[in-house]
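S.K.: Following is a predicted model, sequence given first.
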Amino acid sequence: MAKNLLIVESPAKAKTIEKILGKDFEVKSCYGHIRDLEKDDMGIDVNNHYQPRYKVPEDKERVVKELKQLAKKSDEVWLASDEDREGESISWHLAEVLGLDPKTTKRIVFHEITAPAIKKAVENPRLINMNLVNAQQARRVLDRLVGFELSPVLWRKIGMQRSLSAGRVQSVAVRLIVEREREINNFIPESTYKVEAYFTANDINSKEVTFKADGPNKMSTEKDAAAFLETCKGADYTVTDIQVKPAKRTPAAPFTTSTLQQEASRKMGYSVSKTMLLAQKLYESGKITYMRTDSISLSDTALGDISEQINKAYGSQYHQPRKFKNKNESAQEAHEAIRPTYMSTTSVEDEDLRRLYELIWKRTIASQMSDAEFEKTTAKINVSSNNETLSANGEVMKFDGFLKVYLEGKDEEDEENTEGMLPPLTVGQQLNFVQMTATEKFSRAAARYTEASLVKKLEELGIGRPSTYAPTISTIVKRNYVEKRDKEGVKRNSALLRLTKNDSVEKEIIQENTGAEKNKLFPTDLGSVVTDFLKQYFTKVMDFSFTAKIEEEFDQIAEGKITWSNMIDGFYKPFHETIEHTLENAERAKGERELGIDEATGKKVIARMGRYGPMVQIGDTANEEEKPRFAKLKQTQSIETITMEEAMQLFSLPRTLGEYEGQELSVNVGRFGPYIKLGEQFISIPKGEDLHEMELERAIQLIGEKQLADAPIGFYNELPVTKGKGRFGPFIKWNDMYINIPRAYNYDSLSQEDINALIEKKVDKEANRFIRQWPAEKISIENGRWGPFVRFNKKMLKLNRKQGGDKYTPEELADIDVEVIKKMIEEQVPNAFSKKAPVKKAAKKTAKKAATKK
């Protein structure tokens, strides 16, 4: 047994560090957080300085038990979780659970997993920093208070979907996306005309080349543009002035968490969560420094390593030492930017990790390389007929510098790159005129957010920290407040006026594709309704500067300047009063929008949020004489933009297309999407089909495809076997049993032998799965990975011990009475077997009382 036990967060990191430290250390993983706030009553005592109540979750009990046993056997326990606030919090929880004294337990930190860094950390241990722990605890407590108190308000005032939730940072992120969408929807493009003249001149090789010069200010109307071209007829074009100026470009700073997420999104299309997953793997395998940081500085050791690599690979003229400093003085997550641990390692073998690693390597080495040097030339050209001036701009690279390795990407590409190379020109030179154009250009609305540009905006506003960006975006997508998708462009006509060499002005109509977007964040109708409701009743929670101020207060707690419970108190008391006021007085939010009057019935047509999502309705729900008609919106439609015409088209469903095989065939949209109904049979319609345009032939074709897919591919024990693709991949179905098809099998050509093997293996597995079953009660005792457990409906519940504290034997479980198991279930799921009818009545009475009060 090793004398020292060192605990880290991940098993991958544990293996790497154990190799470095040798036999004196046993390195074990705690697999992240080992404790969390209890679920009951928020897990926070609001009347006792917001003291949190922590609990070890069931899935961590085995890990904790193993760590406790190892800690007892070891002479000394070292804590080596990550070096940010979350890591410090994990170390403190480990000390609490393992019974270690935080005042004496050794805590080590390192921002790279290399032998020198690990050994240096062991030689210089410190104690747990309670200021950092309190800062993380304050964040967790505040977010729990907001989430647990605000979410039930949304359930009552917006919908019964328990998936609705609100969070301090996520609500602000959704607000940004909703407001940007509305800005785009309300934007009215304005057209202007851009004038460009084309000339020819000889280049340095005496070869004739064409170059372009920009006209004076943009013209606001076609009439003005045409008039300007008319004044240029028969003109001579003379170079009146040439200015040559040096210019330079400087490399970007090394990566922080947010800039890495942004650049990986721009250059490789990675989501924020994918970038963090790959960066975590690179860090744990010792390839890069710690990946959650908002610092842009590099250590002296790293600077020396980079200098050596640049001089060796590119030469001393490419090396320009730089020390970057954060504008944000509170940069606290780590002490160094993200960089490779060894610059001599230019790539890694793993294909997934390679692209991200090379991006980090290039950005790091470019940050210490020379400026790129350019020569910018501006030539002024006089138009003799109207004395106007045209400008031709050119740029020549004199020295590539850092551009030899790396160029930072941009979120939105410039409309045009107007600077190319100019041929040699001289003052007084008369130019050969080719043509002059005036092209209609339209102003553009601000672009929708990508994951990368949203992270950038949140960082600019001071909202969130490196560790929060990825989970925030994942949460708002998961909660259906935002969706990430593409948008097809639409065709638009624009005018092009052309002055030709023979002095005639011609007009041409050209088509352009506009509005196409890829991987952008769009708010859902639910996200818009929730945002409006929160902005109306919880202005502070939705205020950008207030949310940023909260982050600053967390920083102050980390620096030991303020007490965390006082900071929470200042937020919670007014917040809780607003919660109570809103529950009592706020009306139910529907996101309602009136579209017009239905000509056939004379009733109002409105678009609003329903229980199962956005919909349109004809008629008023308050009028009980006649039930309103409802129709679900298409996935591409929105409450805020749907027109009356589009809404009325939705009421054309269900559509009867005709008869097939003697039965009526119709199409409609249900709760789970579009479908074909043939008699009593329902067939799902794949995405991309328009039900309003679908013909009978296409519906019959889809039915045929479904029948072909459902046709047996073989038989086993005289029962048919079918195959399909589901949520978890390809499968075969036999005797109501679904069997996943492993990658080793060819899904498209399964043989009878393959089918037999798959079914037999599944049958054997299922035989060992159940210890005891009560199908009528939907209760079973099953063998699990960590031992037997109780399954009730779809819930997996703990199997309690006997009264004496001993575990049940398999023989005892095989003969156990169902009533004993029911007691175990009721302990974990209160009222699991109580009759439902009385509960419904009580709920109705309560609802009536509440309505009367209102």
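M.R.: Received, thanks.

S.K.: Which stretches in the stretch 51-200 of the chain count as helices?
M.R.: Assignment of helices within the stretch 51-200 of the chain using DSSP state H, counting those that start in this stretch yields the ranges 58-73, 85-98, 115-123, 130-157, 168-185.

S.K.: Would you convert those into JSON lines that also reports mean neighbour count, mean pLDDT and distance to Asp806?
M.R.: In this view, the C-beta of every residue, glycine as well, is placed from N, C-alpha and C. JSON lines is the format used below for the helices of the stretch 51-200 of the chain (neighbours: other Cβ atoms under 10 Å; pLDDT from 0 to 100; distance: least, Cβ to Cβ, whole Å):
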{"stretch": "helix 58-73", "mean neighbour count": "14", "mean pLDDT": "91", "distance to Asp806": "17"}
{"stretch": "helix 85-98", "mean neighbour count": "23", "mean pLDDT": "93", "distance to Asp806": "25"}
{"stretch": "helix 115-123", "mean neighbour count": "15", "mean pLDDT": "91", "distance to Asp806": "43"}
{"stretch": "helix 130-157", "mean neighbour count": "20", "mean pLDDT": "90", "distance to Asp806": "37"}
{"stretch": "helix 168-185", "mean neighbour count": "21", "mean pLDDT": "93", "distance to Asp806": "46"}
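
S.K.: ok, which stretches of the stretch 701-850 of the chain are helices?
M.R.: Under the criterion DSSP H, counting those that start in this stretch, the stretch 701-850 of the chain contains helices at 752-769, 810-814, 818-828, 836-853.

S.K.: one step back: which among the helices of the stretch 51-200 of the chain is found nearest to Glu753?
M.R.: When these are compared by Cβ to Cβ, helix 58-73 sits nearest Glu753, at 38.8 Å.

S.K.: Taking helix 85-98 as reference, get the angle to the closest one.
M.R.: Helix 58-73 and helix 85-98 are oriented at 70 degrees to each other (axes from the mean of the first three to the mean of the last three Cα atoms, to 10 degrees).

S.K.: before we move on, the earlier item: can I get the helices of the stretch 51-200 of the chain in CSV including distance to Lys822?
M.R.: Formatted as CSV, the helices of the stretch 51-200 of the chain follow (distance: least, Cβ to Cβ, whole Å):
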stretch, distance to Lys822
helix 58-73, 20
helix 85-98, 33
helix 115-123, 53
helix 130-157, 30
helix 168-185, 39
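
S.K.: Tell me which of those helices approaches Phe522 most closely.
M.R.: Of all those, the one in closest proximity to Phe522, counting by Cβ to Cβ, is helix 168-185 (6.6 Å).

S.K.: same for that closest one, what does it pack against?
M.R.: On a contact count with 3 or more Cβ pairs under 8 Å, 6 or more residues apart in numbering; DSSP states H and E, helix 168-185 meets helix 130-157, helix 451-461, helix 469-478, strand 517-523, helix 525-537, helix 539-542, helix 544-558.

S.K.: distance between the helix or strand following the last one and the chain's centre?
M.R.: This means helix 544-558. The C-terminal neighbour of helix 544-558 among helices and strands, as given by DSSP states H and E, is helix 564-585. Distance of helix 564-585 from its chain centroid, counting by Cα atoms, centre = their mean, to the nearest Å, is 29 Å.

S.K.: next one: stretch 140-159
M.R.: The answer for stretch 140-159 is 21 Å, by Cα atoms, centre = their mean.

S.K.: can you list the residues that contact it?
M.R.: 37, 42-44, 46, 50, 52, 89, 161-162, 164-168, 526, 529-530, 533-534, 538, 541, 550, 564, 568, 571-572, 575-576, 579, 582-583, 586-589, 609, 611 (Cβ atoms under 8 Å, 6 or more residues apart in numbering).

S.K.: Just the buried ones from those, in ChimeraX syntax?
M.R.: Provided next is the ChimeraX selection string for whichever of these are buried by 16 or more other Cβ atoms under 10 Å:
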select :37,42,43,44,46,50,52,89,164,165,166,167,168,526,529,530,533,534,538,541,550,564,568,571,572,575,579,582,589,609
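
S.K.: give me every residue that touches Arg139.
M.R.: Going by Cβ under 8 Å, 6+ apart, Arg139 touches Arg85, Phe554.

S.K.: Make residue 1 into 564 and carry on from there
M.R.: Happy to do that; since the first residue is 564 now, the last one works out to Arg702.

S.K.: Give me the sheet partners of the helix or strand harbouring Lys1047 and which way each runs.
M.R.: If you go by DSSP H and E, Lys1047 is part of strand 1045-1050. With DSSP bridges as the test, strand 1045-1050 is paired with strand 1080-1086 (antiparallel).

S.K.: the inter-axis angle of the strand it pairs with versus helix 1032-1041?
M.R.: Strand 1080-1086 runs at 80 degrees relative to helix 1032-1041, counting by the same axes, to 10 degrees.

S.K.: so how far is stretch 1245-1264 from its chain's centroid?
M.R.: Averaging C-alpha positions (Cα atoms, centre = their mean) puts stretch 1245-1264 32 Å from its chain's average.

S.K.: What mean pLDDT does that stretch get?
M.R.: Per-residue pLDDT over stretch 1245-1264 has a mean of 86.

S.K.: Now do the buried residues in that stretch.
M.R.: By 16+ other Cβ under 10 Å, the buried positions in stretch 1245-1264 come out as Ile1246, Ile1248, Leu1254, Met1257, Arg1261, Ala1262, Ile1263.

S.K.: residues making contact with it?
M.R.: By Cβ under 8 Å, 6+ apart, stretch 1245-1264 touches 1212, 1215-1216, 1218, 1220-1221, 1223, 1228, 1230-1232, 1235-1240, 1265-1266, 1269.

S.K.: tell me which residues in stretch 1285-1305 are buried?
M.R.: Lys1286, Pro1293, Phe1294, Ile1295, Lys1296, Trp1297, Ile1302, Ile1304.

S.K.: still on that earlier bit, and the strand holding Lys1047, which residues are buried?
M.R.: In strand 1045-1050, counting by 16+ other Cβ under 10 Å, buried: Val1045.

S.K.: And for stretch 849-856?
M.R.: Neighbour-count burial for stretch 849-856, counted by 16+ other Cβ under 10 Å, picks out Gly849, Lys850, Ile851, Thr852, Tyr853, Met854, Arg855, Thr856.

S.K.: now the end-to-end length of that stretch.
M.R.: With Cα to Cα, to the nearest Å as the measure, stretch 849-856 spans 16 Å from end to end.

S.K.: and it, how far out from the chain's middle?
M.R.: Worked out by Cα atoms, centre = their mean, stretch 849-856 lies 21 Å from the chain centre.

S.K.: can you list contacts of it?
M.R.: Stretch 849-856 has contacts (Cβ under 8 Å, 6+ apart) with 579, 645-647, 674-677, 819-820, 823, 839, 842-843, 845-846, 894, 896-904, 908, 911, 916, 920, 923, 1029-1030.

S.K.: change it to 6 Å
M.R.: 579, 647, 674-676, 819-820, 842, 845-846, 896-897, 899, 901-903, 911, 923, 1029-1030 (Cβ atoms under 6 Å, 6 or more residues apart in numbering).

S.K.: And for stretch 1326-1334?
M.R.: Ser1343, Ile1344, Glu1345, Asn1346, Pro1351, Leu1376.
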